[in-house]
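Colleague: Just the structure for this:
(chains A and B)
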Amino acid sequence: MRFLIFNHIQNARESLRSNRGRSALTMVGIMIGVASITTILALSGGASQIVRTQIDELGGNVAVVRPGQVEMAGFEQLTQLPSRQFATSSLTDSDVQSIKRIDGVAAVAPLMIITGAIKGEDEAPTNTHIVATSPELEQTNQLELRDGQFLGPELKITTAVIGPQLAVNVFGTEEAIGKTLTLRGEAHTVVGVLERTNTPINYNGVDFDNAVIVSRDSGRLMNQGVSQIQQINVRTESVAVLDSVITDTNQALLRNHYGEPDFTVLSGADIAQPTSELFTAIAGVTAAIAAISLIVGGIGVMNIMLVSVAERTREIGIRKAVGASNSDIVSQFLIESLFLSVGGGIAGYIIGYLLAFGISTFLTFDPIFSWEIAGVAVAVSLVVGVLFGFYPAVRAARKDPISALRQYN
Amino acid sequence: MRLLPTQLSNIIKAMANTNSTPVIVLKDLKKRFGLGDAEHYAIDGIDLTIQQGEFIAIMGPSGCGKTTLLNILGLLDTDIEGEYELDGKNVSTLGMRRQARIRSQQIGFIFQSFNLVSRLNVLENVALPLTYKGASKLQRIQQASDILDTFHLSQREFYMPHQLSGGQTQRVAIARALVNNPSIILADEPTGNLDSRSSHIIMEELSDLHKRGNTIIMVTHNPRLTTYASRVIKMSDGTIETDTHIPEPSHQKHKKRPLGKRKTKVRRKKGKR
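Modeller: Numbering: from 1, shown residues only, chains lettered A, B, ... in the order given. Prediction:
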C-alpha cells in the first residue's frame, strides 16, 4: 500500500499557506475555546491545590471534627454549602472536653464563627468574621503572632487578637496593640496582631488575616450565652497516633451524641476534599460553558473547509484525473482541518496559560501545570478537527470529477 | 544509445506486438444521461479496439459524444453499459481505488482548458500526479524538472500558470500528463484554445510522443490535425460513422524510446525490493 501521509501533509500545508489570513482567523476561533478551557482548568487546579498544601504544611497530625455528615459529591456541595452557616451545629462544649481527655491529643480548638458589626476607628467590611475559640488554636493552626500575645486563660474575656488586614482596615495600621475594638457593641482590647498568611481559602472557612479572635466566653456572651461550634480542630502529639485518636474521637462523640452519627471526623486529604470538590464542580461547569465557544470555533472550521472545498472544486477534479483516489482527497482535507484545529489548540494552550498567569496576579494562588491540561487541550482540538472536518472532506471526495473539471474558477 | 538487454527485448516485443495487443477494447458501449422522458444516449453502442502505439483522432460535431467517450476511456466516468476492457481487464470489476491507481500510472490527461492548479507553480503542477504515486518531495521535483527540460520549459519552472502563454501552458499540461510515464494519453481538444502556431508546436510534441510508442487518443474539431494521426474515427450521435487507418511510413516508427522509464522497468525495480 502506498504511504501518502507525508504527501498529504505537504499538500495541506501548501493550501493553508496560500490562504494565510483565512487560516489564521479560523485558528483564532479554536484558540479562544482552548484558551478559556486551559485558563479555567489551570486556575481551578491551583485553587484546590492551596488547601491541600495547607494541610500538608500542618504536618499531617491534624484532624477536624465537623457537624453533620460530610459525604456529599461535588454538585451537592454546590447547593448545600451555604446551609451549614445557618444551621445550628450538633457539636457541643462537652464534645470539646471529651476530645481533650483522649490520649495523644496535644491541642483542641473549637471554632465558633460569629458575624456581627466590628468597629475600631473605622467600620470593618461586612465579610469580616469574629472567631470565638480557645487559646489552643495557636497550636492547632500554628498561628504566628506579629505583635503582642495570643489569647490565654489569664486574660480578661474582653481581649481580642486580630488579623493584620483587619488592623489596617479599622485602624489604618498594623500597629494595633492596645486599641479598642467594638464587637457587637462590646468593647474589646487588642492584645495581639497575627502574622500575615495570605490564605483566604482554607479549611477553617475563615480568613485569619481578616478576622477577630476572641475567647469562647466572649463568644458565648455574643450568642445568648450558648456555644455554637462549627468545627473542632484537633492536633495530635505525633503522626503515628493520629489514627487511634480519630477512632477514639469517633467513639467518644458517638457516646456524647447518644449513638447518633451527626458529626464527621476528617483527616489529611479529606479535610481539603470538600473544598477541592467544590472547585472541581465550579471548574466543570465553567469549562462546559467554555466548550460552547469551542463548538462555535469548530463550526468556523467546518465553514471555512466547506468554502475551501467549493472554491477548489476544479482542483479536486484535476487531482482525481491525475490519480487521486477518494480516500486521498478525504485525507487531504481532513489533515487541513486538523492543522487548523490543532494549530489553534496549541496557540490556545499557550495563550490560556499567559491569561491564567495574568489573572493570578490578582489572586492569592498560582495556576498549576499538569499533563492532564495539556492532554485535554490537544485531545479537544483533535476531536474538533476530525468532527468538523469530516463532512467537508467527504463532500470534497464525493465530487464527480467530470463536472468538477467543467467548473470555472 | 545504450540499452539494457531486457529493455531491448521489451522494445523488440513492443514492435512485434504493435498491431496485435489491444490496449482498449469496447464492446457495445453505451452511456445514458437522464431518466424517463429525458433519457438520452450520449454513446449509443460503440465497438472499438485500440492497439498499443496508435494515434487516434476522434472527430465529429459538438454533442456527438466524443468527450464522453474520452472520459469513459480515462475512467473518470464509470457509470456505463456494455463492456470496457483496459489491458485485458474489465473495468467494471475494478474498485474505486484500483481505478484511481490506473489513472495515476497508466493514463495521462490533456485538456482543452489546460486545467493547471492556479495556486501552484509550474513545477508543482507537473509534480502533482507523482504525489499520488507516493514519490518523495525530492523525487517529485527532480522528475518534474527533468520532464520540463524535455519540453524546453526549464526556464519557466517557478512561473505561476497565469504568467504563461497559452502554448506554454499546454506544454506544461502535457508535461504533467507524461510525468508518470503513462502508456495511454487522452487529449480533449488540446489545441482548441491555441493559435495555429502554438497548435503546430503542440501537435509536433504529441506526434513525437507517438513515435516513442505511446498510445494517443485525441478528440478534435480541426480536420487539419488528423494528418498527425494514424487512425481517424468520425463520430455522430453517439456512434462511430467512419474508422479510417492511415498508413504510416514504417521507417518513422519507434525510432525513439518512449519518454522516461518504461513501465516494465519500474516493475522490475519493485520486484528487486
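
Colleague: wouldn't B:Asn125 be in contact with B:Arg176 here?
Modeller: Yes. B:Asn125 is within contact range of B:Arg176, at 5.8 Å (criterion: Cβ atoms under 8 Å). Yep, even glycine has a C-beta here, placed from its N, CA and C like the rest.

Colleague: Could you name every residue contacting both of these two?
Modeller: B:Leu116 (Cβ atoms under 8 Å, 6 or more residues apart in numbering or on different chains).

Colleague: Run through who's touching stretch A:398-409.
Modeller: A:309, A:313-314, A:316-318, A:320-321, A:326, B:71, B:76-77, B:111, B:115, B:118.

Colleague: Pull up the residues of the stretch 1-150 of chain B that are close to chain A.
Modeller: B:71, B:74, B:76-77, B:96-97, B:99-101, B:103-105, B:109, B:111, B:115-120, B:124, B:128-129, B:131-134, B:136-137 (Cβ under 8 Å from any Cβ of the partner chain).

Colleague: Now go through these and say which are in helices.
Modeller: Taking DSSP state H as the definition of helices, the residues of the stretch 1-150 of chain B next to chain A contribute B:71, B:96-97, B:99-101, B:103-105, B:124, B:128-129, B:131, B:137.

Colleague: Which one of those sits in the busiest neighbourhood?
Modeller: Ranked by neighbour count (other Cβ atoms under 10 Å in any protein chain shown), those have B:Pro129 at the top, with 30 neighbours.

Colleague: Excluding sequence neighbours, find me the nearest residue to that one.
Modeller: If the residues on either side of it in the chain are set aside, B:Pro129 comes closest to A:Val322, at 4.0 Å by Cβ to Cβ, 6 or more residues apart in numbering or on different chains.

Colleague: what number of residues lie near the residue of chain A found nearest chain B?
Modeller: For chain A, the residue closest to chain B is A:Gly323, as judged by Cβ to the nearest Cβ, at 2.4 Å. Neighbour count of A:Gly323, defined by other Cβ under 10 Å: 27.

Colleague: I'd assumed B:Gly134 was in contact with it.
Modeller: No. Using Cβ under 8 Å, A:Gly323 is not in contact with B:Gly134; the gap is 10.5 Å.

Colleague: show me the contacts for A:Ser23.
Modeller: A:Leu16, A:Arg17, A:Ile304, A:Phe339, A:Leu340.

Colleague: again with A:Gln231
Modeller: A:Val64, A:Val65, A:Arg66, A:Pro67, A:Leu91, A:Pro110, A:Leu111, A:Asn204, A:Gly205.

Colleague: Next: A:Gly389.
Modeller: Contacts of A:Gly389 (Cβ under 8 Å, 6+ apart): A:Val301, A:Met302, A:Met305, A:Phe333, A:Leu334, A:Glu336, A:Ser337, A:Leu338, A:Leu340, A:Ser341.

Colleague: How about it: what's its closest non-neighbour residue?
Modeller: A:Ser337 (2.6 Å).

Colleague: May I see the buried residues of whichever strand or helix holds that neighbour?
Modeller: Here A:Ser337 sits within helix A:326-360, counting by DSSP states H and E. Within helix A:326-360, the residues that qualify as buried are A:326, A:328-349, A:351-353, A:355-356, A:360, counting by 16 or more other Cβ atoms under 10 Å in any protein chain shown.

Colleague: Restricting to C-alpha, output stretch A:258-265 in PDB.
Modeller: C-alpha atoms of stretch A:258-265 as PDB (Å, rounded to 0.1, in the frame of the first residue of the first chain):
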ATOM      1  CA  TYR A 258     -26.400   9.000  72.200                       C
ATOM      2  CA  GLY A 259     -25.300   6.900  69.200                       C
ATOM      3  CA  GLU A 260     -26.400   9.400  66.500                       C
ATOM      4  CA  PRO A 261     -23.600   9.800  63.900                       C
ATOM      5  CA  ASP A 262     -24.400  13.500  63.300                       C
ATOM      6  CA  PHE A 263     -20.700  14.600  63.100                       C
ATOM      7  CA  THR A 264     -17.700  13.800  60.900                       C
ATOM      8  CA  VAL A 265     -14.100  13.400  61.800                       C
END
